[in-house]
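Peer 1: I would like the atomic coordinates for the input below:
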Amino acid sequence: MKNNITAGTIARTIVLILALANQVLAMCGKQVLNIADDDIYQVISLLFTIGAAVWGWWKNNSFTQEAIKADEVMTELKENEN
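Peer 2: So this is what the prediction gives:
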C-alpha cells in the first residue's frame, strides 16, 4: 500500500489544527495564538526539510562498486521472484 500524502495536505492539516487551537483559546478567554504567515512558512519548510533528510537517510545509497553490484544482484533476485 503506497502512501500518497501531499505537502499541501500536510500544510492544510497543520493550519486547521492551529485554527482550532486558536478558537478554543479564544473561547476560554486565553491569549490567542499570534501566528504570522512567515511562521507557517518556516514550519512547513522545516517539515519538508526533515522529511527529505529522513527519506534520503532511509533510502539505500550505494557509493562503492561492491554496493552497486550488490544492488544489481538484489534487483535481479527480486525480478526473478515474481
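Peer 1: and the nearest residue in space to Val15 that is not next to it in sequence, what does it touch?
Peer 2: Among residues not flanking Val15 along the chain, Ile40 sits closest, at 6.7 Å (Cβ to Cβ, 6 or more residues apart in numbering). Any C-beta I mention is one placed from the backbone N, CA and C, and that applies to glycine too. For Ile40, the contacting residues are 11, 14-15, 18, by Cβ atoms under 8 Å, 6 or more residues apart in numbering.
Peer 1: can you tell me which of the residues you listed are in helices?
Peer 2: In helices, defined here by DSSP state H, the members of the contacts of Ile40 are 11, 14-15, 18.
Peer 1: now, of these, which are buried?
Peer 2: Listed as buried from those are Ala11; burial here means 16 or more other Cβ atoms under 10 Å.
Peer 1: how about the ones in helices among the contacts of Ile40 in CSV, adding distance to Asn4 and pLDDT?
Peer 2: CSV is the format used below for these (distance: Cβ to Cβ, whole Å; pLDDT from 0 to 100):
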residue, distance to Asn4, pLDDT
Ala11, 15, 79
Ile14, 18, 85
Val15, 20, 80
Leu18, 24, 83
